[in-house]
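Student: predicted model and sequence below, questions to follow.
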Amino acid sequence: MVTRNPAGYDADPVSPDSDETWLKHFQETRGVIPPPLKLMALRPGTVSAFMAYRGQVLKGGPLGEKEKALLGVAVSVALKSSACIRNHASAARKAGANEDEIAQAALIAGLICGASPLRTAFNGIGDSTD
């Protein structure tokens, strides 16, 4: 199994894991398999390929874990995905972001996209005591 850091990003993007292993991992660690992964699982090898791509994109680079997670918050707000906002806000907290930083990332996305995503952000960020 791939080693994970506290924010949930892959430390090692190269993984021989099968789709089934990834799905089991999400079920065991998050209590749910994200719907996009369920859809990917309909095409054998797609989950593993996606997770390898994800790992390669997130591996190292000039951005720290907190910045990557805050970008995840902002993009999730722009996409109006409450579930993704919750996941990325949680990852940002685990990576050391405070509520003001998370709120600013959401507000910047709302500023660029308009106010509509802010309602989704408010509902998705939720209670900081999770």
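Tutor: Yep, it's here. Since we're looking at a predicted model, the values are computed, not measured. Numbers count the residues shown, from 1 in each chain.
Student: every contact and neighbour count from this point should use C-alpha atoms.
Tutor: Noted.
Student: domain ranges for the protein?
Tutor: Annotated domains of the chain cover 19-58, 65-125 [automatic domain parsing].
Student: let me see the mean pLDDT of the last one.
Tutor: Right, domain 65-125. Per-region confidence: domain 65-125 scores 91 on mean pLDDT.
Student: repeat for the shortest one
Tutor: Per-residue pLDDT values over domain 19-58 give a mean of 92.
Student: just send the domains of the chain back as CSV, with mean neighbour count too.
Tutor: Below are the domains of the chain laid out as CSV (neighbours: other C-alpha atoms under 10 Å):
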stretch, mean neighbour count
domain 19-58, 15
domain 65-125, 20
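Student: now do whatever helix or strand Ala105 lives in: distance to the chain's middle.
Tutor: Here Ala105 sits within helix 99-113, counting by DSSP states H and E. Distance of helix 99-113 from the chain centroid (C-alpha atoms, centre = their mean, to the nearest Å) equals 16 Å.
Student: show me what it is packed against.
Tutor: Contacts defined by 3 or more C-alpha pairs under 8 Å, 6 or more residues apart in numbering; DSSP states H and E place helix 99-113 against helix 65-79, helix 82-94, helix 116-125.
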